[in-house]
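1. no sequence for this one, just the structure:
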């Protein structure tokens, strides 16, 4: 009677053990990935109230908006644009507004009507050729933080020829030589978003 070949048995056992380890490792990795994916999906679906209410600290709270009295006018007709700001819970030292418009489509009236938030307007510059309006306001007697949208000034434009155009802000977040909202006490530019006005001339 022949004895079994122990050398072959050892080789077979080693191969079997390696296969078991490989299969077990693959299964463990797959289970880990499935659990991780499930946790990510759950986290993405659950939003806490603080995530909804509180804005990111990296996003400045100030907003500038241009509100037209109407979105469509006839060539030769005039419309008023109100430039207003929002900065909930903040106090301001001053503000600069840098507007751009296309002089091919629009002409601008130099008589601005100012709001009552700022008391001093040291700069009002209008360039009809370049299509630029620059206004600076500062000094205020307001003691309470801002709670509502506030008018900086109202300006009138006249349609020159038919087409679609816009009046927009020259703005870059954090820049102090363009459109700004300057926070009282810190002198930071807290302007984070701007919204232009689209105009159709018929």
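-> That came through, no problem. Model, not experiment: these values are computed from the prediction.
2. can I see the domain layout of this protein?
-> The chain is divided into the following domains under automatic domain parsing: 1-54, 62-201.
3. most tightly surrounded among those domains?
-> Mean neighbour count (mean count of other Cβ atoms under 10 Å) peaks for domain 62-201 among the domains of the chain, with a mean of 16. Using the backbone N, CA and C atoms, a C-beta is placed for each residue, glycine as well.
4. All the helices of this structure, residue numbers only.
-> Using DSSP state H, the helices found in the chain span residues 6-45, 49-53.
5. Quickly, which of those helices bottoms out on average pLDDT?
-> Out of the helices of the chain, helix 49-53 stands lowest, with a mean of 37 (criterion: mean pLDDT).
6. Give the residue spans of this structure that score low on pLDDT.
-> Residue ranges of the chain with pLDDT under 70: 1-59.
7. Strands of the protein, residue ranges please.
-> Listed in chain order, the strands of the chain (DSSP state E) span 62-68, 72-73, 78-86, 92-101, 106-108, 113-114, 120-127, 132-138, 150-159, 163-169, 180-183, 191-195, 197-201.
8. Distance to residue 144 added to those, as CSV?
-> Below are those laid out as CSV (distance: least, Cβ to Cβ, whole Å):
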stretch, distance to residue 144
strand 62-68, 17
strand 72-73, 37
strand 78-86, 15
strand 92-101, 12
strand 106-108, 33
strand 113-114, 20
strand 120-127, 20
strand 132-138, 18
strand 150-159, 12
strand 163-169, 26
strand 180-183, 15
strand 191-195, 20
strand 197-201, 29
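9. Bridge partners for the nearest residue to residue 86 once chain neighbours are set aside, pull those for me.
-> Spatial nearest neighbour of residue 86, chain neighbours left out: residue 63 (4.5 Å); criterion: Cβ to Cβ, 6 or more residues apart in numbering. On the basis of DSSP bridges, residue 63 is bridged to residue 86, residue 193.
10. And residue 63, how far from residue 161?
-> Between residue 63 and residue 161 the distance is 32 Å, computed by Cβ to Cβ, to the nearest Å.
11. same thing with residue 140?
-> To residue 161, residue 140 is 40 Å away according to Cβ to Cβ.
12. just residue 168 next, same as before
-> 19 Å.
13. What of residue 117?
-> From residue 117 to residue 161 the distance is 35 Å (Cβ to Cβ).
14. Then residue 106?
-> Distance, residue 106 to residue 161, using Cβ to Cβ: 9 Å.
15. next one: residue 83
-> Residue 83 is 24 Å from residue 161, where distance means Cβ to Cβ.
16. swap in residue 191?
-> Going from residue 191 to residue 161 by Cβ to Cβ gives 32 Å.
17. okay but residue 199 is in contact with residue 163, surely?
-> No. Using Cβ atoms under 8 Å, residue 199 makes no contact with residue 163, being 9.3 Å away.
18. Name the residues contacting each of these two.
-> Shared contacts of residue 199 and residue 163 (Cβ atoms under 8 Å, 6 or more residues apart in numbering): residue 105.
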